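Asks: The following block contains a protein sequence and its predicted model.
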Amino acid sequence: MEYFVQQLINGLTLGSIYGLIAIGYTMVYGIIGMINFAHGDIFMIGSFIALATFLVLTTVLGFAFLPVVLLIVLIISMLFTSAWGWTVERIAYRPLRGSFRLAPLITAIGMSIVLQNFVQISQGARVKPLPPQIPGGIVLMTGDTETGAMVVQLSYMQMIIIATTLVLLTGFTLMISRTSLGRAQRACEQDRKMASLLGVNVDRTISLTFVMGAALASVAGLMFLLLYGVIDFYIGFLAGVKAFTAAVLGGIGSLPGAMLGGLLIGLIEVFWSGYFTVEYKDVAAFSILAIVLIFLPSGLLGKPEVEKV
Amino acid sequence: MAAPTVTAPSRQDTNSFAASVKDAAIAGALTGVLGFFFLALRTEIAPGGLEVSTRWGVWIVAILIVFAGRLLLNLFVFKTDKPVTRYFSTGKSSASPRLPWLGRALGIFLFLVATVLPFLIIALFPAQQRQFIDLAILIMTYVMLGWGLNIVVGLAGLLDLGYVAFYAVGAYSFALLSTHFEFIGFWTALPLAGMLAAFWGLILGFPVLRLRGDYLAIVTLAFGEIIRIVLLNWYDFTGGPNGISGIPKPTFLGMDFSRGDDGVAAFLGIEYSTIHRFIYLYYIIFLLAIITNLVTMRLRKLPVGRAWEALREDEIACRSLGINTTNTKLTAFAIGAMFGGFAGSFFATRQGFISPESFTFLESAIILAIVVLGGLGSQIGVVIASVVMIGGIELLRNIGFLSQIFGPDFDPVQYRMLIFGLAMVGIMVWKPRGLVTTREPTAVLKEKKRIGADMVAQGEGH
Amino acid sequence: MSAAASTATSPLASWDRDPVLTVEHLTMRFGGLVAVSDLSFNVGRGDITALIGPNGAGKTTVFNCCTGFYKPTEGRIVMRHGPGQQKEAVDAVTASGLRYRAANDGSVYLLERMPDFEISEKAKVARTFQNIRLFGGMTVLENLLVAQHNVLMVASGYTIGGIFGLPTYRKAQAKAVEKAVYWLEHVNLIDRADDPAGDLPYGDQRRLEIARAMCTDPMLLCLDEPAAGLNPRESAQLNELLQFIRNSGTSVLLIEHDMGVVMEISDHIVVLDYGVKISDGDADFVKSDPKVIAAYLGVDDEAEIDIPEVRQEVGAVIEKAGKKGAGTSLHLPEAEKGGKG
């Protein structure tokens, strides 16, 4: 029981991170119908920016008060990662808008390779360890097992991650449903040509979508860095594929769906590692992806697509 | 809609020099922003935790390069009435490009060169013959993989991001068969490996083939990764990350390429040289690739091949004409997988050692890039793309003079994949349809006319 | 052909005596929406049958059910290759749970049980689409060869023989080209055989789609708005082509909005409105049916008429039919009722 609760907490934490990345996939897929393959690497970029900012603030400038440091890191990494997201869209996707479908997928894969190798060359291939910054937590329950006391702990780190995710998700949902930007986005999703005829600046709307996705991915990057304390140039690929799985599982195009999918993928992965084998946790995630797409192509919260003849 | 020029929005603010400079300055500033945390700063592991070092020089140089490059592009390409690229641009005619015989002539020429390539290399570059023949083998392997994937992606229009899985199945089939059973050599294992790969193609293909374009891509990617992870973790069977070593080399009429009396050299009465085995390997992959090509060309003119192309154009219309689309897709998947399996066996016997590391997603991406960059469905395009992408990148190893400029630490090899990725993006933006864009009809009544790429559909999902 | 036989009063119309296709109690629901409700009609062998009705009446849905693109919620759709109603055979197949029964004298196919490609391959029902679906990047000739896929597939020994270039395949291929040429000549596209289909003008594409469907050797050809977007001259050519197809032994079922085409060539007309059949008979019967006129023009209030083209069309048709006085007024329902007595 205690083990189960602990895994549940861990799964929700991991799932929040996946969910934040998944929102970027789902928004971009919704608006231009392409898998932004480089989005996972934007997440990786975000975590590197967060790491560098954190180090500059603490070791070079000598800031010591952690909440302020983290807030500055969050803001800076969101800003700079957004610039990366914007640039990727501008260079690799915008020139191909209206071109045939495979071209942006290829440039997306190309961009993913470029980003990974750029970071590998500029920052080195070795992993970057960061010692835990926010220790401690609340003990929720203790239980006796044969091997000793089993403590279920909700760490402060996990609380911060889940809380931040909730705040951001609420904010973004409101933004999409209430503001004119959100309306423009939904209009572009439905019919890009018509939207542009009605005076929506389609290019800017799409750029902003990428910027928003990148900003959320950078938050996920920061949390990943703080939670695991280890990053390298390759973390974007797996996290990206799993987040995409989450987006599909929740129903692509649906914001709450992406979050729900993220949580489910996080839970599945953690429980699979906890109760079965760690080695095959990725197989579990990928199998879920395949099964969902085959049997439930519109996802949990997505709208079903009717084949038009 | 959007023309493939990057500066479409700023067209109207004249072609003036000032606008070009302003645009270049923005690009430079953006580089500064993007590069700040990666070029100017570098996190390094130091005793007692991570440390930040600065490299202002690199950062500033990068900004200046982008500024200058963008300025030149603006002045000569984007913001001028007479872009220099006009000399390269082809007309927008949909049918019959200007030089219809060019493709054929190029094909014959390349074939002839490929037939005698090892001897050309020996004659021209005796000092680096081994390296160059090795490179030729590598390129030829990618040509074959590209041709195999071309059936799936180019003809049938099914986007497969997990093609490397079949490559892996072929390689492991051969490796396991030959290490467990003494009597199975390369030539016996080759058809078996191809069949196993095709079988896997059917198994993986069956559940996923009703998915649309991008979804199919992501599921095939997932399957590719699943196979790799299984290979990585199933120690007892596959050796896990250690892989399988001691895979036998291919034999020639049952003889080894060894120094002894029963070796091929002794049999042929020539002096033994280690290069013989490389030449032999080259001709094996050349033969396999040519078979792949011939079969594909033949299949295109058969009903099944036409059904693949029709499927790429319009699946619903296919169904209305009585074509069983599931079977048609499965044959494309299985035949593509089979050629991937052949190539995998060859890879295993060439290396003598395989491990899951050789079968990552990156490999699938490279093969797909070759197919798409070459021009979907074009056989000659695959050859050109393989030579350019694989050959060009590998040549980086040979550029010694760069280290004289950038200092002795400079290793161009580490920039390989970066340049590869940039080339992928660049070529796609420049030519979204790939290098060779015309389609040849499979049946002709009176006059053969090539079909321009703007007519040809790209498969599911659009 | 059978025009004389039919008013609603006659006990059994020709299409009821010898139907090639029978739709029985067809119901199609999409979620809560009932697109077609309890629809039954027959398509006579050797007839040109038109399925008409206002926009959104469910015509294309019926087509999609008949050609297997939708699975009907309820109902039976029977295709017969042999003559007559073949009641026993149909009932036997229905009870047996099989999809079809092929026999020399009378094959019976239950289309609602068959997947789309089998309907074309086995039951010999071909179709065209409202939005033309050609293989745009393939040549006109290739389009017609793809249509002969199943025949060629057998001839190529399911590809294996073809790879080795067996003569049987080459012969079959030559024959297929011959058939393609035959149809290209009949649709006036022989000069464009080697052009990509996507390059053809709209009207040519429509005819090519029909030629392609005919290359599958159908017993029944279903055309979804074949005259849409055609100019009057092309429309007249289409009429000729459809007559030719009918006379060469293929029954035709078409959806059409162009009343000129419908009234001129149809032997039998079925009218749908809101997924329900409101009229069924030959051209004379249908155009004088008050329910039809009400459906097209609205019942009580002229303000409800929202498609002036349709109003004009129907008015013109009725005028043409010689009901003097009726066509000039918009109060058609009353006038018609009076006329029928």
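Replies: Good, I have the coordinates.

Asks: helices or strands up against the longest helix along chain A?
Replies: Using DSSP state H to define each element, chain A has its longest helix at helix A:2-32. With contacts taken as 3 or more Cβ pairs under 8 Å, 6 or more residues apart in numbering or on different chains; DSSP states H and E, helix A:2-32 sits against helix A:39-55, strand A:137-145, strand A:148-155, helix A:156-178, helix A:180-190, helix A:202-228, helix A:235-250, helix A:255-275. Backbone N, C-alpha and C define where each C-beta goes, glycine included.

Asks: what about stretch B:237-248 and chain A, touching?
Replies: No - Stretch B:237-248 is not in contact with chain A by Cβ under 8 Å from any Cβ of the partner chain; minimum separation 9.5 Å.

Asks: now swap in stretch B:182-202 and tell me
Replies: No - residues of stretch B:182-202 contacting chain A under Cβ under 8 Å from any Cβ: none, with a closest distance of 14.4 Å.

Asks: Pull that stretch out as PDB, backbone CA atoms only.
Replies: In PDB, the C-alpha atoms belonging to stretch B:182-202 read as follows (Å, rounded to 0.1, in the frame of the first residue of the first chain):
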ATOM      1  CA  GLU B 182      28.000 -24.000 -38.000                       C
ATOM      2  CA  PHE B 183      26.700 -24.900 -41.400                       C
ATOM      3  CA  ILE B 184      24.800 -21.700 -42.100                       C
ATOM      4  CA  GLY B 185      27.000 -19.300 -44.000                       C
ATOM      5  CA  PHE B 186      26.200 -15.900 -45.400                       C
ATOM      6  CA  TRP B 187      24.600 -17.100 -48.600                       C
ATOM      7  CA  THR B 188      22.300 -19.500 -46.800                       C
ATOM      8  CA  ALA B 189      21.400 -17.100 -44.200                       C
ATOM      9  CA  LEU B 190      20.700 -14.200 -46.500                       C
ATOM     10  CA  PRO B 191      17.300 -15.400 -47.900                       C
ATOM     11  CA  LEU B 192      16.400 -16.600 -44.400                       C
ATOM     12  CA  ALA B 193      17.200 -13.200 -42.900                       C
ATOM     13  CA  GLY B 194      15.200 -11.500 -45.700                       C
ATOM     14  CA  MET B 195      12.200 -13.800 -45.000                       C
ATOM     15  CA  LEU B 196      12.400 -13.200 -41.300                       C
ATOM     16  CA  ALA B 197      12.500  -9.400 -41.900                       C
ATOM     17  CA  ALA B 198       9.500  -9.700 -44.200                       C
ATOM     18  CA  PHE B 199       7.700 -11.700 -41.700                       C
ATOM     19  CA  TRP B 200       8.300  -9.000 -39.100                       C
ATOM     20  CA  GLY B 201       7.200  -6.500 -41.600                       C
ATOM     21  CA  LEU B 202       3.800  -8.300 -41.800                       C
END
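
Asks: What residues sit buried inside it?
Replies: B:184-186, B:189-190, B:192-201 (16 or more other Cβ atoms under 10 Å in any protein chain shown).

Asks: returning to that earlier point: right, so of the helices and strands packed on helix A:2-32, which gets closest to C:Ser37?
Replies: helix A:180-190 (30.2 Å; Cβ to Cβ).

Asks: Report the angle between that closest one and helix A:202-228.
Replies: Comparing the axes of helix A:180-190 and helix A:202-228 via axes from the mean of the first three to the mean of the last three Cα atoms, to 10 degrees yields an angle of 100 degrees.

Asks: buried ones in helix A:180-190?
Replies: Here helix A:180-190 shows A:181-182, A:184-189 as buried, counting by 16+ other Cβ under 10 Å.

Asks: restrict these to contacts with chain B.
Replies: Within the buried residues of helix A:180-190, nothing lies near chain B by Cβ under 8 Å from any Cβ.

Asks: so where is the chain shaky, pLDDT-wise?
Replies: Because you didn't say which chain, this covers chain A. Counting by pLDDT under 70, chain A contains low-confidence residues at A:144-149, A:303-309.

Asks: oops, I was thinking of chain C
Replies: For chain C, the stretches with pLDDT under 70 are C:1-11, C:105, C:157, C:161-162, C:297-341.
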